[in-house]
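A.B. asks: task: produce atomic coordinates for the following.
(one chain, ligands or ions: 1)
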Amino acid sequence: MAFRVYRPYVFPDTIAPEIAKELKRLGVKFEPELHEETDAIVCLLGVKVDAALLGRAPRLRVVSNVAVGYDNIDVAACTARGVVATNTPDVLTEATADLAWALLLAAARRVPEAERFVRAGKWKRWDWTTLRGADVHGRTLGILGAGRIGQATGHRAVGFSMEVLYTSRQRRLLFEHTTLARRVDFKTLLRESDFLSVHVPLSKETRHLIGAKEFSMMKPGAILINTARGPIVHEAALVKALKSGRLAAAGLDVFEQEPAIHPGLLKLENVVVLPHIGSATDSARRRMVETALRNCLAALKGEMPPNAINAHALEQKK
Ligand code: DGY
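C.D. replies: Numbers count the residues shown, from 1 in each chain. Okay, here's the model as predicted:
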């Protein structure tokens, strides 16, 4: 039996032979358009999967997101139609934590600003006061949301002799054991962190979780890092906090209205901006596609996908 899979983006990576073989065996045909006969969707986070889109594909069994975050998918609407939604956890954890650290170090030590300074021909002599930044070693890293990526980011802090604080719905005992991290409440995290790294998923509860009030509670001179989702941080309030000097700097890989960035942020020297590249390494991206395809294939075969977000959707369909 052949399956028709809507795949709006062509992934250039070579995938494992057993996956390619299985796709062939099942007669999976990838198509650039969604239509009434579509059985599955394999998509990136730029594709908004809502009730309207689902309504156009009555045969749909699975929405396989090639991302760990799935705020682009209306999961409740999928469940109501018996469509299973899946994501790609684990395979991008370390790559994203690496990037959080790239931002942290770049923002603290003013790396992009220093590079701009050199390229602009402004470096005339070694100078005592030029481009002084913030110490990283020995300071306090606050992890907002100690899931997989939050914990991986926290683990790296051990090498910098940092104190690690975290918030999480559950206690993370192994994480505490390996990093000596302390679980605290949100307010304490804001008050005590020199670096605050955001790792919660975007949801109704976390949209604008960090705004003017939260910035006013943070340590003067703290640095904000966001590799999670842009709308968790109120960008206009962030601009104010950075301009006023309340925050020393920010390192951002994600934005409220990607790819647009608040113009106020782009005017500031003390902000490092990246184009949402947390998972952008060859191996992470290849493994994300493979994970998404495995999820998709499982659902097409009537099995439970390894990374089902709404496993109960399949019950609905029975
Ligand atoms: C994700 O997976 O959610 C990232 O934001 C993109 O890789």
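A.B. asks: pretty sure residue 9 is touching residue 41, no?
C.D. replies: No - when contacts are counted by C-beta atoms under 8 Å, residue 9 is not listed as touching residue 41 (11.1 Å). (Glycine included, C-beta is placed from N, CA and C.)
A.B. asks: looking at these two, which has the bigger crowd around it?
C.D. replies: Counting neighbours by other C-beta atoms under 10 Å for residue 9 and for residue 41 shows that residue 41 has the greater number, 25 against 12.
A.B. asks: helix, strand, or coil at the residue lying closest to residue 311 once chain neighbours are set aside?
C.D. replies: Spatial nearest neighbour of residue 311, excluding adjacent residues (C-beta to C-beta, 6 or more residues apart in numbering): residue 304 at 6.2 Å. Secondary structure, DSSP: H, G, I helix; E, B strand; the rest coil: residue 304 is coil.
A.B. asks: give the contact list for the spatially most central residue of the chain.
C.D. replies: Centroid check for the chain by C-alpha atoms, centre = their mean gives residue 228 as the closest residue, at 3.5 Å. Residues in contact with residue 228 (C-beta atoms under 8 Å, 6 or more residues apart in numbering) are 69, 145, 149, 198, 199, 200, 201, 202, 254.
A.B. asks: which helix or strand contains the third one?
C.D. replies: Mapping residue 149 onto the secondary structure by DSSP states H and E places it in helix 148-156.
A.B. asks: after that helix, next one along is what?
C.D. replies: With DSSP H and E, the next secondary element past helix 148-156 is strand 163-167.
A.B. asks: flag every buried residue along the next helix or strand along the chain from that next one.
C.D. replies: Going down the chain from strand 163-167, the next helix or strand is helix 173-179, by DSSP H and E. Using 16 or more other C-beta atoms under 10 Å as the test for burial, helix 173-179 gives 175, 176, 179.
A.B. asks: name the nearest of these relative to the ligand.
C.D. replies: residue 175 (20.7 Å; C-beta to the nearest ligand atom).
A.B. asks: what's the closest non-adjacent residue to the closest one?
C.D. replies: residue 151 (4.8 Å).
A.B. asks: okay, now the one you found: neighbour count?
C.D. replies: Neighbour count for residue 151, taken as other C-beta under 10 Å: 23.
A.B. asks: contacting residues for it?
C.D. replies: By C-beta under 8 Å, 6+ apart, the neighbours of residue 151 are 143, 166, 172, 175.
A.B. asks: picking up where we left off before, now do the residue nearest to the centre of the chain against residue 265, distance only.
C.D. replies: 17 Å (C-beta to C-beta, to the nearest Å).
A.B. asks: who's in contact with stretch 278-285?
C.D. replies: 11, 13, 67-68, 91-92, 94-96, 99-100, 227, 253-254, 288.
A.B. asks: for the ligand, see how far away the residue nearest to residue 175 is.
C.D. replies: 16 Å (C-beta to the nearest ligand atom, to the nearest Å).
A.B. asks: also residue 178?
C.D. replies: 24 Å.
A.B. asks: what sits closest to that residue if chain neighbours are left out?
C.D. replies: That would be residue 155: by C-beta to C-beta, 6+ apart, it lies 6.5 Å from residue 178.
A.B. asks: residue 106 now?
C.D. replies: Once flanking residues are discounted, residue 106 sits nearest to residue 272: 4.8 Å by C-beta to C-beta, 6+ apart.
A.B. asks: touching, that neighbour and residue 248? I think so.
C.D. replies: No - if you go by C-beta under 8 Å, residue 272 and residue 248 don't touch, sitting 12.0 Å apart.
A.B. asks: put the alpha carbons of stretch 71-91 into CSV.
C.D. replies: Extracted as CSV, the C-alpha positions of stretch 71-91 are listed here (Å, rounded to 0.1, in the frame of the first residue of the first chain):
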residue,chain,number,x,y,z
ASP,A,71,4.3,25.1,19.4
ASN,A,72,3.5,25.3,15.7
ILE,A,73,1.1,22.3,16.1
ASP,A,74,-2.4,22.5,17.6
VAL,A,75,-2.0,19.2,19.5
ALA,A,76,-5.6,19.3,20.8
ALA,A,77,-6.9,19.7,17.3
CYS,A,78,-4.8,16.7,16.2
THR,A,79,-6.0,14.6,19.1
ALA,A,80,-9.6,15.5,18.4
ARG,A,81,-9.1,14.1,14.8
GLY,A,82,-7.2,11.0,16.0
VAL,A,83,-4.0,12.4,14.4
VAL,A,84,-0.8,11.6,16.3
ALA,A,85,1.7,14.4,16.6
THR,A,86,5.4,13.6,17.1
ASN,A,87,8.6,15.5,17.7
THR,A,88,12.4,14.9,17.7
PRO,A,89,13.7,15.0,21.3
ASP,A,90,17.2,14.0,22.4
VAL,A,91,19.0,14.2,19.0
